[in-house]
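# got a predicted structure plus its sequence, pasted below:
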Amino acid sequence: MITEDKSIHKTKSTGGLENDTPQNKGISQSKNVKEAIGKPVNNGGVATTKNDLHLEKQWLAVKDEYLANFPETEDIDTNVEQDSLESIISNIAKKRQKSEQEIHDEIMNWSVNK
C-alpha cells in the first residue's frame, strides 16, 4: 500500500486572515475610554420609585381587608406577580367607577385596623 506524503502541503501558505488589530485589549487600555464605553441605552424599562415600592407594600398589607369592603371587586385577579399593581388598581377603579388616583390614595391611606 502506497500512502501519499502529506508533508509537502505544510510548506504551502493557506492565505489565512490577516488581523492587525490587537486582541484582548481592555477598556482601560483604550485611548478613548469615553468613546469605547459610549452612552447608556434607554431600552424603555420601567423605572421603579420608592413610592411604587411603598404602594406595593401597602397593598399587600391591606389587600384582603380592602377588597372585603367592596364586594364589586371580588372577581378581580389581585395576584401582583401575574399582573402589575397598576393594572390591578385600574381594574378596581373601573369596577368602583372611580379614578385610578382615588383608588391609589385609598390604598395608601387605608389603615389595617379600619
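Structure's in. What do you need? Numbers count the residues shown, from 1 in each chain.
# average pLDDT for stretch 94-103, rounded please.
Averaged across stretch 94-103, pLDDT comes to 93.
# and the lengthiest helix in the chain, what's buried?
Longest helix in the chain, counting residues (DSSP state H): helix 50-68. By neighbour count with 16 or more other Cβ atoms under 10 Å, helix 50-68 contains the buried residues Leu55, Gln58, Trp59, Val62, Tyr66. (C-beta placed from N, C-alpha, C; glycine too.)
# nearest spatial neighbour of the fourth one, chain-adjacent residues omitted?
Setting aside the residues directly before and after it, Val62 is nearest to Trp110 in space (Cβ to Cβ, 6 or more residues apart in numbering), at 4.4 Å.
# so where is this protein shaky, pLDDT-wise?
Filtered on pLDDT under 70, the chain yields the residue ranges 1-51, 80-83, 112-114.
# now Asp52. Nearest residue, chain neighbours left out?
Leaving out its chain neighbours, the residue that sits closest to Asp52 by Cβ to Cβ, 6+ apart is Leu85, at 7.6 Å.
# wait, isn't Ile76 in contact with Lys94?
No. Under the criterion of Cβ atoms under 8 Å, Ile76 makes no contact with Lys94, lying 9.2 Å away.
# rewinding a little: could I get the buried residues of helix 50-68 as a markdown table with distance to Ser99?
Output for the buried residues of helix 50-68, formatted as a markdown table (distance: Cβ to Cβ, whole Å):
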| residue | distance to Ser99 |
| --- | --- |
| Leu55 | 15 |
| Gln58 | 18 |
| Trp59 | 17 |
| Val62 | 19 |
| Tyr66 | 16 |
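# closest to His104 among those?
Using Cβ to Cβ, Leu55 comes nearest to His104 of the buried residues of helix 50-68, at 6.9 Å.
# got the end-to-end distance for stretch 72-86?
Stretch 72-86 has an end-to-end distance of 18 Å (Cα to Cα, to the nearest Å).
# in it, what counts as buried?
Per 16+ other Cβ under 10 Å, stretch 72-86 contains these buried residues: Thr73, Thr78, Leu85.
# with stretch 103-114 instead?
Ile103, His104, Glu106, Ile107, Trp110.
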